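Undergrad: One predicted model, sequence on top.
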There are 2 protein chains.
Amino acid sequence: MTIPLQVIKILKIGLSLKRGLFIRKRVMITFAVAEIQELIRKKRYRDLKESISEFLPADVVQILRSLDTSERLLIFRLLPKDLAALVFAELGPEEKRELLDIFTEEQIRKILEEMDPDDRTELFDELPAIIVKKLLRLLSPPDREIAYDLMKYPEHSAGRIMTPEFVDIKTHITAEEAIQHIRRTGPDKETIYYAYIIDANRKLLGITSLKDLLIADPQIKVEDIMQKEVISVQTLDDQEDIARIIQRYNLLAVPVVDSEHRLVGIITVDDIIDVIEEEDTEDFHRMAAMEAPADSYLNTGFFTMLFKRFPWLLALLVTSTLTSNILEHYAPVMQMVVALAFFIPMLCDTGGNAGTQASTIVIRGLAVGDISLKDTLKILTRESLTGITLGATLGIFGVIRAMLVQNSDPFLWVTVGVALAATVLAGNVAGALLPLLAKIVKIDPAVMAGPFITTIVDLTSLFIYFELAKRILMPH
Amino acid sequence: MTIPLQVIKILKIGLSLKRGLFIRKRVMITFAVAEIQELIRKKRYRDLKESISEFLPADVVQILRSLDTSERLLIFRLLPKDLAALVFAELGPEEKRELLDIFTEEQIRKILEEMDPDDRTELFDELPAIIVKKLLRLLSPPDREIAYDLMKYPEHSAGRIMTPEFVDIKTHITAEEAIQHIRRTGPDKETIYYAYIIDANRKLLGITSLKDLLIADPQIKVEDIMQKEVISVQTLDDQEDIARIIQRYNLLAVPVVDSEHRLVGIITVDDIIDVIEEEDTEDFHRMAAMEAPADSYLNTGFFTMLFKRFPWLLALLVTSTLTSNILEHYAPVMQMVVALAFFIPMLCDTGGNAGTQASTIVIRGLAVGDISLKDTLKILTRESLTGITLGATLGIFGVIRAMLVQNSDPFLWVTVGVALAATVLAGNVAGALLPLLAKIVKIDPAVMAGPFITTIVDLTSLFIYFELAKRILMPH
């Protein structure tokens, strides 16, 4: 399909108005792709180079996704090398691997060289060890040393996601000198909007923002305007905690210090947004009883995805077969009053739903830091009361439903109502308690969510139901 | 409890080492609170004022939460007014209301005056209309006009969360002049790290970062260094989309333009992090079949929380009673082969679990923009295949479990196995399909998650199970 460039431009303006943000974006990308394919077809490589260089990295990523492999390679050859490195860093794990397979060694070397150290660590984390080893050999000795340094920190720790490219200044210089220093060294830094003040041993003494430096009297010493109470994190701190710190204090970056309080890196807010998304995505999947894939849905292979799901389903199925044991045990009761069986799914569902709600409240509360283990007693008291209230109310509906069964006995009504109330209470308390227990024994609380709670609550509720039936219903 | 200040200081240093980030923070806050209470008790108000002024807003919030109402009021009187406004803005809705009730009119006026326009909009959103009306009267006429302007945009739109406090410059000035302009006007701006270039009609022409201005030749015109392809959003764009834009392009702020492309505000990354957390929290709760409370768990009243949960539980219970109808219909079948009942919870659970997994994958994929409606066919094909694979494998385990029932018939084994496979397939397809359908009809896809899917799948699976039983099992 070829569209004359003028038409493209007119359509571009017309269509970009008055639409949802992402529809406008998609239209823009669609036309950019058409334009680029047109330029490739006409072999107008100089125009192509100029055109592609004007896009932002995230847009180039979108454009690349619409091109075929040979076109993609061509674009990468034409991209200015700093843009190429940024674009490469923004790609998904699978897309990166695909390109590494077809790039020449020289191309890989150039891109690696231009990448930020934190983006390089991320890349190495995504690749098998054997490829990482090869790539490390392509780095210059100083870059290789930085890469080794960062990779020695545990996954998801501050050290692993930080970059050593920050602005550091000495105490005795003036605001004016600090600004000059930033001008000179700024281009290579991850952010220039904070300058970190360190002593001769690289210990972090204070922090100042570029805003404060600009607004201050140019002759004032930085030590007189720096903030001494610095919010910093340690190399081994967890990335989820760091995200909460950045959010709580509205920071653009946070300094990372080692155990001697020496400044070793910074973590910037744009990386932290990715951490928040990644951690929430992990929780969403865990709470649905599966592992989160490392890549997007469409970039994750069929079998990879299957293996994120199957083991959890199987474990839950095995646990769930215990319900069959309970029911087999109570078969004589059911045989006598078959109507008892009518309410099994309703009981199990409702208990599971109450448990899913309670566990979600607690898991999310723990994740965002609204609640902590010291609130355990308060939460359990409150969720017990909630369980009783919800159970009592829903129990009445259970009774009403049981009354609708043909020729049913008032003792069945009571059994269903009481069992439903007890199930809701049990589900609610289990839902609130289990994530807290998990937190105590250092398991991810997100595992103790809907599917797991439902399976546990099923066992409890069936037991309660049939014991009640035996005691209330059977004697009559 | 009084602790000598020296002891506090020593303990502070000792305990702050080698602990988790939030434990260190909590220790710090605990000691700060002890110190402040000590100063209050000794009526050393000058020291208190000095001490409290040194904390960051988020820390003051934490400290306030540990104090009683009269202490809290005292601290607010002693806080410098800019800090007081920042602290107030960081509080939860309930905490804000509590303070507004006890503040004098003059105190409220001072705090409102100092607050950023976007924080003010947020405050007004959290309060009942009658209180907002009173507060608006306390604002100066220009501030009141800004407040009205922002509040006329719909909730969750760019206009509603933006602030008009940005740096704008004209095209013809030099980089040096632009920096001087930023120095002068910077203190009142939400961010000074981007300067927006506008024409005489306030139309957005380009953007430049303070970094680029600093690094550029001081005499160069800003129009020669500005980036003309500006990532901007429109006043009516949804905050969730804006969050994705900021994340995708790694921005510190995004400009907001009206339908005439005039620059009317900016949205900064710190507010966007809150949007991401808020939107994810909403999804977590919706996916557990409840509404997310506006405030933290501990600040949400018992009955408020109950009413976020009860209507959903009741709706699901009512839907779930349909399972009783199905079972009542098949009572004769169950009466003949009571062992059929043994597998009801296992069937329902497993179908629900597969559905929960599939729906979570699709809901989260839609939320982060990994998948969109145009992928519908691909998703359904893939999830059908996944459902068949998972169903076939899990079905075998179902057969094995059925074989363990005493005196059971091979026809029961087949019924259970086939029903389990069919249920998993149905659950998987429903889980993938329903969130997509919701998106098409503009319902939040997050509603089509675990609890809802489980209830729907129960109906399907019981129907399949007993129909199979009737056809396979009964004739023998």
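TA: Cool, the structure landed.
Undergrad: got the contact list for the closest residue to residue A:419 other than its chain neighbours?
TA: Distances taken as C-beta to C-beta, 6 or more residues apart in numbering or on different chains put residue A:465 closest to residue A:419, at 4.1 Å, once the chain neighbours are dropped. From N, CA and C alone the C-beta is placed, and that goes for glycine too. Contacts for residue A:465 (C-beta atoms under 8 Å, 6 or more residues apart in numbering or on different chains) come out as A:340, A:343, A:344, A:347, A:415, A:419, A:423.
Undergrad: how many other residues sit next to the second one?
TA: By other C-beta atoms under 10 Å in any protein chain shown, the residues close to residue A:343 number 26.
Undergrad: Residue A:364 and residue B:278 touch, don't they?
TA: No: Residue A:364 is beyond contact range of residue B:278, at 11.4 Å (criterion: C-beta atoms under 8 Å).
Undergrad: Settle it for me: which of these two has more neighbours?
TA: The neighbour comparison of residue A:364 against residue B:278 (other C-beta under 10 Å) goes to residue A:364, with 26 against 17.
Undergrad: so which strand or helix has the more buried one?
TA: Secondary structure from DSSP states H and E places residue A:364 in helix A:344-368.
Undergrad: next one: the following helix or strand past that helix to chain centre, how far?
TA: Using DSSP H and E, the helix or strand that follows helix A:344-368 in sequence is helix A:376-403. Chain-centre distance of helix A:376-403: 33 Å, with C-alpha atoms, centre = their mean, to the nearest Å.
Undergrad: coming back round to it: okay if I get the contacts of residue A:465 as CSV plus pLDDT?
TA: Formatted as CSV, the contacts of residue A:465 follow (pLDDT from 0 to 100):
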residue, pLDDT
A:340, 85
A:343, 89
A:344, 89
A:347, 90
A:415, 88
A:419, 92
A:423, 93
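Undergrad: so which two of these are the farthest from each other?
TA: Pairwise distances across the contacts of residue A:465 peak at 14.1 Å for A:340 and A:423 (criterion: C-beta to C-beta).
Undergrad: Where neighbours are concerned, which of the contacts of residue A:465 has the most?
TA: Top of the contacts of residue A:465 by neighbour count (other C-beta under 10 Å): residue A:423, with 31 neighbours.
Undergrad: Surely that one touches residue A:351?
TA: Yes: between residue A:423 and residue A:351 there is a contact at 3.7 Å, judged by C-beta under 8 Å.
Undergrad: any shared contact partners between these two?
TA: A:457, A:460, A:461.
Undergrad: Next, the residue nearest to residue A:419: phi, psi?
TA: phi -60, psi -50 (degrees, to the nearest 10).
Undergrad: Is the helix holding residue A:364 in proximity to chain B?
TA: Yes: applying C-beta under 8 Å from any C-beta of the partner chain, one finds helix A:344-368 in contact with chain B at A:344-346, A:348-350, A:352-354, A:356-357, A:359-365, A:368.
Undergrad: Is it possible to mark the buried ones in the residues you listed?
TA: A:344-346, A:348-350, A:352-354, A:356-357, A:359-365, A:368 (16 or more other C-beta atoms under 10 Å in any protein chain shown).
Undergrad: To which secondary structure element is the residue nearest the centre of chain A assigned?
TA: Taking C-alpha atoms, centre = their mean, the centroid of chain A lies closest to residue A:278, which sits 1.7 Å from it. Per DSSP H and E: residue A:278 is located in helix A:269-287.
Undergrad: Ok, residue A:204 next?
TA: Assigned by DSSP H and E, residue A:204 belongs to strand A:204-209.
Undergrad: Determine the set of other helices and strands touching the helix or strand just after that strand.
TA: Next helix or strand after strand A:204-209 toward the C-terminus (DSSP H and E): helix A:210-215. Contact here means 3 or more C-beta pairs under 8 Å, 6 or more residues apart in numbering or on different chains; DSSP states H and E; on that basis helix A:210-215 packs against helix A:175-185, strand A:194-198, helix A:222-225, helix B:175-185.
Undergrad: hmm, who's touching helix A:210-215?
TA: In contact with helix A:210-215 (C-beta under 8 Å, 6+ apart) are residues A:175, A:178-179, A:182, A:192-195, A:222, A:225, B:179, B:182-183, B:186-187, B:192-193, B:210.
Undergrad: cool, stretch A:467-476 as well?
TA: Stretch A:467-476 has contacts (C-beta under 8 Å, 6+ apart) with A:330, A:333, A:336-337, A:340, A:409, A:411-412, A:414-415, A:418-419, A:422.
Undergrad: any idea of the mean pLDDT in it?
TA: The predicted model gives stretch A:467-476 an average pLDDT of 77.
Undergrad: swap in stretch A:310-328?
TA: 88.
Undergrad: how far is the longest helix along chain A from where the chain is centred?
TA: Identified as the longest helix of chain A according to DSSP state H is helix A:410-440. Centre-to-centre, helix A:410-440 and its host chain are 31 Å apart (C-alpha atoms, centre = their mean).
Undergrad: same for that helix, what does it pack against?
TA: Counting by 3+ C-beta pairs under 8 Å, 6+ apart, the packing neighbours recorded for helix A:410-440 are helix A:339-342, helix A:344-368, helix A:376-403, helix A:450-468.
Undergrad: residues touching residue A:172, list them.
TA: By C-beta under 8 Å, 6+ apart, the contact set of residue A:172 is A:221, A:223.
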